[in-house]
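Asker: Sequence and predicted model, in that order:
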Amino acid sequence: MPRDALRPPTIDEIRAWPATVDLVTAASTVGVRRTKAHEMARSGTFPVRLLKIGNRYRVPTADLCEYLGIRIDADDAAPAA
């Protein structure tokens with residue numbers, strides 16, 4: 001998942017992500033930087049559901065897609081008939 005940190009991910013890149021991504025990766029999609037993302041996670045104000053695993057946060061990719069209005073179902077890739 002390495003990419004240019006200054007460039008937000010494309011919809012196709014997000015769709016290709018694993019089931020969960022780290023907080024900083026998710027934050028980059030909503031225009032939030034690392035420090036602010038951690039502040040929001042600690043205060044419970046990050047705009048997407050977070051999973052705390054040990055001392056790390058993970059973000060479900062499906063929740064992130066829903067927040068961004070990105071459809072991820074199989075029919076999304078099929079052309080309209």
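Answerer: Okay, I see it.
Asker: List the strands paired with the longest strand anywhere in the chain, with their directions.
Answerer: Looking across the chain with DSSP state E, the single longest strand is strand 56-60. For strand 56-60, the pairing partners within the sheet under DSSP bridges are strand 20-22 (antiparallel), strand 51-53 (antiparallel).
Asker: residue contacts, the closest residue to residue 18 other than its chain neighbours?
Answerer: The spatial neighbour of residue 18 that comes closest, neighbours along the chain excluded (CB to CB, 6 or more residues apart in numbering), is residue 61 at 6.8 Å. No exception for glycine: its C-beta is placed from N, CA and C like everyone else's. Residues in contact with residue 61 (CB atoms under 8 Å, 6 or more residues apart in numbering) are 14, 17, 18, 19, 20, 21, 72.
Asker: in stretch 38-54, what's buried?
Answerer: By 16 or more other CB atoms under 10 Å, the buried positions in stretch 38-54 come out as 38, 40, 41, 46, 48, 50.
Asker: where's the most centrally placed residue in the chain relative to residue 17, distance?
Answerer: Centroid-nearest residue in the chain, with CA atoms, centre = their mean: residue 26, separated by 3.3 Å. From residue 26 across to residue 17, the span is 9 Å (CB to CB, to the nearest Å).
Asker: cool, residue 45 as well?
Answerer: Distance of residue 45 to residue 17, given as CB to CB: 23 Å.
Asker: next one: residue 23
Answerer: Separation of residue 23 from residue 17 (CB to CB): 13 Å.
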